[in-house]
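**Student:** this is a predicted model, with the sequence first.
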Amino acid sequence: MSVYTHVTVGTNDLVKARAFYDQVLAEIGLERIADLGENGSIWGEDKPSFFVLTPADGQPATVGNGVTVSFEAPNRAAIDAFHASALRAGGKNEGSPGERGWAENAYAAYVRDLDGNKLAVYSFKKP
């Protein structure tokens with residue numbers, strides 16, 4: 001059983017966010033599966049799992065302090081590709097790809113998207 005149905009982050013520039021996430025999420029096997037007009041888009045593998053939306057209240061999107069959205073990657077190479085792709089697309093490095101000592105076989109990378117949302121991508125598979 002999955003714990004979450006989906007995760008949402010806000011954006012102030014939907015066109016740029018779509019281009020960023022189309023490129024970056026493809027590296028871990030996710031694709032854009034729906035557009036919600038000028039309200040946002042949805043990415044996933046076989047069902048909706050990650051939403052990027054303009055705020056419903058009409059106010060600017062802001063970043064949650066201490067909030068990180070973490071994606072599962074199929075392997076370490078996908079993590080390296082995700083991180084490199086995010087940087088090429090204008091994201092900011094928040095933690096280069098590498099082993100994380102808090103769990104066995106934890107390998108991860110962290111970036112900020114174009115709106116400042118913190119993203120991580122993890123694999124716990126043996127190298």
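**Tutor:** Okay, I see it. Numbering: from 1, shown residues only.
**Student:** list the contacts of residue 93.
**Tutor:** Contacts here follow CB atoms under 8 Å, 6 or more residues apart in numbering; on that basis residue 93 touches 83, 87, 110, 111. For glycine as for every other residue, the C-beta is placed from the backbone atoms N, C-alpha and C.
**Student:** contact partners for the last one?
**Tutor:** Spelled out, that is residue 111. Counting by CB under 8 Å, 6+ apart, residue 111 has contacts 24, 82, 83, 86, 87, 91, 92, 93, 94, 95, 118, 119.
**Student:** repeat the analysis, applying 6 Å as the threshold.
**Tutor:** 86, 91, 94, 119 (CB atoms under 6 Å, 6 or more residues apart in numbering).
**Student:** now for the contacts of residue 93: which two are most distant?
**Tutor:** By the measure CB to CB, 87 and 110 form the most distant pair in those, at 11.4 Å.
**Student:** neighbour count winner among these two?
**Tutor:** Legend: neighbour count by other CB atoms under 10 Å for residue 87 and residue 110, higher for residue 110 (21 against 15).
**Student:** the more buried one: what secondary structure?
**Tutor:** For residue 110, the assignment made with DSSP: H, G, I helix; E, B strand; the rest coil gives strand.
**Student:** pLDDT of the strand ranked longest in the chain, averaged?
**Tutor:** For the chain, the strand that runs over the most residues, judged by DSSP state E, is strand 92-99. Strand 92-99 shows a mean pLDDT of 98.
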